[in-house]
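Engineer: Attaching a predicted model along with its sequence, questions to come.
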Amino acid sequence: MKNLISSSLIIALLAGSGVVLAGEHQAGINHAAMQGMEHNASAAQAHKAEGVVNSVDLRNGKVNMTHGPVESLGWPGMTMDFAVKDKAILKGINPGQKVAFEVVKEGPGKFYVNRITPLK
């Protein structure tokens, strides 16, 4: 009986030490970095396109363009308004200019231009 109690006690101690070791192993993991990795993996993809600027609304951060197909989005060529997050990218952009730009999908049916560059 004494051996049975001793064996049970040893098994319980060994099982308990495994839990502690598992906890110590997880303590070394940088969970904040992992969250950053998940964020980067799902970061918005930029879709490249070219078009002609029809109008620029610097005050409201919008640009209207007639663009060619955006294959990565499955869009045909069309004319549409785009919002920009940083109004500064619209400085120096004028109606009639041919431009290369990047479109980012922010949510269902929500897109914005994050980069726009005049073409020569």
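Structural biologist: Perfect, I can see it now.

Engineer: May I ask which helix or strand of the chain has the lowest mean pLDDT?
Structural biologist: Within the chain, no helix or strand scores below helix 31-41, which has a mean of 40 by mean pLDDT, DSSP states H and E.

Engineer: Retrieve the pLDDT associated with the closest residue to residue 70 other than its chain neighbours.
Structural biologist: Excluding its sequence neighbours, the residue lying closest to residue 70 (Cβ to Cβ, 6 or more residues apart in numbering) is residue 49, at 4.6 Å. For the C-beta atoms, the positions are set from N, CA and C on the backbone; glycine is no exception. pLDDT, residue 49: 97.

Engineer: Isn't residue 49 up against residue 66?
Structural biologist: No - using Cβ atoms under 8 Å, residue 49 makes no contact with residue 66, being 10.8 Å away.

Engineer: Residue 118 touches residue 89, doesn't it?
Structural biologist: No - using Cβ under 8 Å, residue 118 makes no contact with residue 89, being 11.4 Å away.

Engineer: Just give the number of residues close to residue 55.
Structural biologist: For residue 55, the count of nearby residues is 12 (other Cβ atoms under 10 Å).

Engineer: ok so, going back, pretty sure the residue nearest to residue 70 belongs to a helix, no?
Structural biologist: No - under DSSP: H, G, I helix; E, B strand; the rest coil, residue 49 falls outside any helix and is assigned strand.

Engineer: bridging residues for it?
Structural biologist: Going by DSSP bridges, residue 49 is paired in beta bridges with residue 101.

Engineer: where does it sit relative to residue 78, distance-wise?
Structural biologist: 11 Å (Cβ to Cβ, to the nearest Å).

Engineer: More neighbours: which of those two?
Structural biologist: Set side by side, residue 49 and residue 78 show more neighbours around residue 49, with 21 against 12, by other Cβ under 10 Å.

Engineer: who's in contact with the more buried one?
Structural biologist: 67, 68, 69, 70, 100, 101, 102, 103 (Cβ atoms under 8 Å, 6 or more residues apart in numbering).

Engineer: For these, work out which two are farthest apart.
Structural biologist: Spatial extent of those (Cβ to Cβ) is set by the pair 69 and 102 at 14.9 Å.

Engineer: Cheers, nothing more for now.
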